[in-house]
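Participant: can't give you the sequence, but here's the structure:
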Ligand code: PLP
């Protein structure tokens, strides 16, 4: 059976070149970067190199880069760490309604601790409503957290405008760039962000390693307490091969950013065009153009997304019914509900996220299978109006 991977927003394979480069740091140069002997010093050199590379990639200083265990920890640290550090000034936080669960669930935990959180609304495309954002700001607001780009529908936020609003009000601005890093040009000074998170496994780096950029001078509490690693801000033995792998993968992604984006955009646009012209009753979720180059998210009306996902899986095609973390639950995606989709339509939505190893043939194969499966599922569907003709359009006829 063919195996086609179209779920790159969930994770990407580790680049074999990078795997080769980091291997010796598991087996040969294995010292604890905190140890005071030769072995430790060898590892420190590697970690320093990784930190320098990441800093350069983001337009930051090396001492503003903190290594973590991934996007989830970085997001947790950003919102929790700032909320607690500024609690004496105010206890109101703003995040968008379409943040990743790493932010949303942490915000909900903070509410239990006595903080107030406004979940900023988004429009039908998933853009944060800037007027409503301004209105939500209060004297006691200490934190604004808005993701750079959404993991489900790919919408890229107006980060420059949001940064300006936060700066005008003297509020800490954090952006979750887990889906944007290595795909969009990011410079933490322009537009200015106070904190930014990213995760190695989203750009062909290793899993379980991430970064939190913290602008120097910003006050933030630690949340992972332990040893004196990461300049005493984050306890835990440094994942030496992991941080190097992350840094090299980020550097490589940025080096090839334009060509990679051009390639996946062509695949994605071909996919979108075929779906929109050959399958009736589909809605492209998110903005038609202002979206991540690899992302397509469709609502296939009158169909259960899960049934479609499993049918594609039987053909060896891997896609996602939402964010990797919420799939498996029967709740419709909070992102799709926030952009105003009715529950049923949200349930029929699927995310296709392309990568540099996908081919046009794979895209065509996927659309061909989609067409067959959709006819079958709609035939079985009690909600498909009997007055509608259950047809798909022939590619050649269009
Ligand atoms: N933030 C966003 C936008 C994501 O897409 C993800 C992962 O899907 C995360 C955070 C969590 O990152 P990690 O898997 O490294 O914990």
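Facilitator: Great, that's in hand. All values reported here derive from a predicted model rather than from experimental measurement. Numbers count the residues shown, from 1 in each chain.
Participant: where does the chain get nearest to the ligand, residue-wise?
Facilitator: Of the residues in the chain, the one nearest the ligand is residue 71, at a distance of 2.4 Å by CB to the nearest ligand atom. Every C-beta, even on glycine, is put in place using the N, C-alpha and C of the backbone.
Participant: dump the residue contacts of that residue.
Facilitator: Contacts for residue 71 were tallied using CB atoms under 8 Å, 6 or more residues apart in numbering; they are 100, 102, 176, 178, 197, 198, 199, 202, 210.
Participant: okay, the residues you listed in JSON lines with distance to the ligand next?
Facilitator: Listed next are the contacts of residue 71 as JSON lines, based on distance: CB to the nearest ligand atom, whole Å:
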{"residue": "100", "distance to the ligand": "3"}
{"residue": "102", "distance to the ligand": "5"}
{"residue": "176", "distance to the ligand": "5"}
{"residue": "178", "distance to the ligand": "4"}
{"residue": "197", "distance to the ligand": "7"}
{"residue": "198", "distance to the ligand": "9"}
{"residue": "199", "distance to the ligand": "3"}
{"residue": "202", "distance to the ligand": "7"}
{"residue": "210", "distance to the ligand": "5"}
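Participant: now those in CSV, with secondary structure and pLDDT?
Facilitator: Shown next, in CSV, are the contacts of residue 71 (DSSP: H, G, I helix; E, B strand; the rest coil; pLDDT from 0 to 100):
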residue, secondary structure, pLDDT
100, coil, 98
102, helix, 98
176, strand, 98
178, coil, 98
197, strand, 98
198, strand, 98
199, strand, 98
202, helix, 98
210, strand, 98
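Participant: ok, for residue 233, nearest residue in space, not its chain neighbours?
Facilitator: Spatial nearest neighbour of residue 233, excluding adjacent residues (CB to CB, 6 or more residues apart in numbering): residue 222 at 5.2 Å.
Participant: before we move on, what SS does the one you found have?
Facilitator: Of the three states, residue 222 takes coil according to DSSP: H, G, I helix; E, B strand; the rest coil.
Participant: can you give me the neighbour number for it?
Facilitator: For residue 222, the neighbour count with other CB atoms under 10 Å is 17.
Participant: kindly report the same for residue 331.
Facilitator: Applying other CB under 10 Å, we find 12 residues neighbouring residue 331.
Participant: and if you look at residue 120?
Facilitator: Residue neighbour count, defined by other CB under 10 Å, stands at 23 for residue 120.
Participant: kindly report the residues of the stretch 51-200 of the chain close to the ligand.
Facilitator: Where proximity means CB under 6 Å from any ligand atom, the interface of the stretch 51-200 of the chain facing the ligand comprises 70, 71, 72, 75, 100, 102, 147, 151, 176, 178, 179, 199.
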